[in-house]
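*Asks:* Have a look at this prediction, sequence included:
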Amino acid sequence: MSEAADTAGWALRVPTGYRVGDWEVVRPIATGSWASVYEGRRVGDRDTSDLPGDMPDRAALKFLPTGTLSPRQLNHLAEMASRELRAHRRLRHHRLIRFHHTLVVDDPDHPELDGAAVIVMERAIASLADLLARAEGGPVPDAARYIVEICEGLAYLHDNGWIHGDLKPSNVLVMPDGSVRLADFGLAAELDGTHAYLPPGGSFGYMAPERWEEPLTEHGTRFRTASDIWALGVTAYQLLSGRMPFPGASPRARAAQAARYAAGDGDLLFPESVPPGWREWLTDCLAPDPARRPGAAELLERARRSAADPDRAQARPRPRRRQALSRTLALALGVALLWPITPGAPRPPGPDLPLRADSDVPAEYREAIVAAAYCRDKVPEVTPALLAASLKALSDFDPTLTDPAKDEYGIARWTPRVLRHFLPERQRPQADKLVYDPYVSIHYMGTYICTLAPRVLHFAKDPVDRQILAATIFQSNTRDMVAARGVPSYARWYADKVREYLPRYTP
């Protein structure tokens, strides 16, 4: 075996020639923040294999690393994989990538791979993100056909009561025959009435503005089909123009521009490369009011007409978009620019500072931790890695921790009377129970540190020392830290543990 080429910085590095089940790793394909995909070649005796006889010789192997995760966390990842596979068994369609089966790596001699979950799926030749890169800022050839095919897959999902949850060019794969299929159903969920629940966070450039207003509950944040439609609009705009509809130098800047538009500040602009017949279609997908975005089935029919005649108007009777007073006031108060702290809501985007994929942070809490570090663009010391190290020091990520002697409970060791001050008024009577809710605890831990850390950071110059001060404020208070000009003696144990754990989670 040899180390796979060009995989430095990948979520999981798998050597070329590595054997898992009846598959051998051939070469790397792509990586995300916490999973890596490799091309696999089928090996072994077909007569004794447990695989179906019609299984292809080549497949994509998606490795989800577990590192040193506990058995409970490993089971969570395995359940994620099996849930994703069950969804694909129920949702068979020629515009959805086909999943074959799942595996778990059993290799104690390679601890970085041991326990990894592997999803075996249909092999594609590229993604729409690859085609956009090749277009070098211009429209993607055959963009109209791709949009129609995306709509076919999305309409099928919505008609069957599912949402995709993470639609974007990198999750639309190009097959050998040139057609496209929707992929990466790690966030796909079944609708419960009008909405489904997703973990907090997502792909910032494709998230609908209303998602920032959704409260974070124990089930996640509510997600409606209209948010998939927004992501469809952003993706289609890219394919037709080669650029994002809301310009900006970073995901945060683009999200802020989208929020301004949603608040009624400005119109959606189109470069000349976007045919007239597509402009109203895109405008409807990106309607600020989610209730006014058409359904996927209607957009499919209109996309087919636009693909056949890109210059024809797509007239659809609808009221003119009003510059709603409430949205204008929201903009004036800084919704788009300052991202105010809304208790119970996911945090707006900041710099891309993910956690190390091979760390022991429970998979179910990763997105919540990243979202809780919402102030990292203004207080760079407060990173997801710092919050993860703090939680490790406090509870070893145990949401059931109970310490009556100190009156501290849950994953962040909240004292109920302290947490009560941060909760919305209607939730304050439930503080005794909410200390055990890991998502609530993580969320308000981030709020606490982001609010108070700037008051004590001037006691250190070294970047890591400043991070330790930011973490310590959660186990101390401003008065004591000012008196000690740093970490008080009673909090030294905690500061030392955070310093020890911080490198584990820092990318």
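*Replies:* Received, thanks.
*Asks:* what's around Ala196, how many residues?
*Replies:* 23 (other Cβ atoms under 10 Å). Quick note: C-beta positions are derived from backbone N, CA and C, even for glycine.
*Asks:* And Arg98, by the same measure?
*Replies:* With other Cβ under 10 Å as criterion, Arg98 counts 15.
*Asks:* try Arg428
*Replies:* For Arg428, using other Cβ under 10 Å, the count is 14.
*Asks:* so who does Trp414 touch?
*Replies:* Glu408, Val435, Ser441, Tyr444, Met445 (Cβ atoms under 8 Å, 6 or more residues apart in numbering).
*Asks:* ranges for the strands of the stretch 151-300 of the chain?
*Replies:* With DSSP state E, counting those that start in this stretch as the criterion, the stretch 151-300 of the chain has strands at 162-163, 172-174, 180-182, 189-190, 196-198, 221-223.
*Asks:* Can you flag which of the contacts of Trp414 belong to strands?
*Replies:* Glu408 (DSSP state E).
*Asks:* Which of the contacts of Trp414 are buried, as a ChimeraX select command?
*Replies:* Buried residues among these (16 or more other Cβ atoms under 10 Å), as a ChimeraX selection:
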select :408,435,441,444,445
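*Asks:* possible to save the contacts of Trp414 as CSV with pLDDT and distance to Glu425?
*Replies:* Below are the contacts of Trp414 laid out as CSV (pLDDT from 0 to 100; distance: Cβ to Cβ, whole Å):
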residue, pLDDT, distance to Glu425
Glu408, 91, 24
Val435, 92, 17
Ser441, 94, 19
Tyr444, 91, 14
Met445, 94, 20
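*Asks:* Quick check: which of the strands of the stretch 151-300 of the chain is nearest to Cys450?
*Replies:* Nearest to Cys450, of all the strands of the stretch 151-300 of the chain, is strand 221-223, at 19.4 Å by Cβ to Cβ.
*Asks:* what helices or strands is the closest one leaning on?
*Replies:* strand 196-198 (3 or more Cβ pairs under 8 Å, 6 or more residues apart in numbering; DSSP states H and E).
*Asks:* tell me the domain boundaries of the chain?
*Replies:* 18-123, 127-310, 363-504 (the TED database).
*Asks:* quick revisit: weakest of the strands of the stretch 151-300 of the chain in terms of mean pLDDT?
*Replies:* Lowest mean pLDDT of these: strand 196-198, a mean of 80.
*Asks:* Name the surrounding residues that touch stretch 199-211.
*Replies:* 165-168, 187, 216, 220-221, 223, 226-227, 230-231, 234-235, 244, 251-252, 254-255, 258-259, 261-262, 288, 290, 346-347, 349, 364, 367-368, 370-371, 439.
*Asks:* if I pick Trp233, what's in contact with it?
*Replies:* Small correction: residue 233 is Gly, not Trp. Pro245, Leu282, Asp284, Cys285, Leu286.
*Asks:* per-residue confidence at it?
*Replies:* Looking at Gly233, the pLDDT reads 98.
*Asks:* Please list all residues in contact with the closest residue to it other than its chain neighbours.
*Replies:* Leaving aside its sequence neighbours, Gly233 sits nearest to Cys285 (Cβ to Cβ, 6 or more residues apart in numbering; 2.8 Å). Residues near Cys285 by Cβ under 8 Å, 6+ apart: Ile229, Trp230, Leu232, Gly233, Ala236, Arg293, Pro294, Leu299.
*Asks:* try 10 Å this time
*Replies:* Neighbouring residues of Cys285 by Cβ atoms under 10 Å, 6 or more residues apart in numbering: 226, 228-237, 245, 268, 293-294, 296, 299.
*Asks:* Which of the helices or strands spans the residue nearest to Leu457 when sequence neighbours are not counted?
*Replies:* Leaving aside its sequence neighbours, Leu457 sits nearest to Arg466 (Cβ to Cβ, 6+ apart; 5.0 Å). Using DSSP states H and E, Arg466 falls within helix 463-472.
*Asks:* If you count neighbours, what's buried in that helix?
*Replies:* Result for helix 463-472 [16+ other Cβ under 10 Å]: buried residues Asp465, Arg466, Gln467, Ile468, Leu469, Ala470, Ala471, Thr472.
*Asks:* Adding pLDDT and distance to Gly17 as columns, could you present those in JSON lines?
*Replies:* Putting those into JSON lines (pLDDT from 0 to 100; distance: Cβ to Cβ, whole Å) gives the following:
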{"residue": "Asp465", "pLDDT": "96", "distance to Gly17": "45"}
{"residue": "Arg466", "pLDDT": "96", "distance to Gly17": "45"}
{"residue": "Gln467", "pLDDT": "96", "distance to Gly17": "40"}
{"residue": "Ile468", "pLDDT": "97", "distance to Gly17": "43"}
{"residue": "Leu469", "pLDDT": "97", "distance to Gly17": "47"}
{"residue": "Ala470", "pLDDT": "96", "distance to Gly17": "45"}
{"residue": "Ala471", "pLDDT": "96", "distance to Gly17": "43"}
{"residue": "Thr472", "pLDDT": "96", "distance to Gly17": "47"}
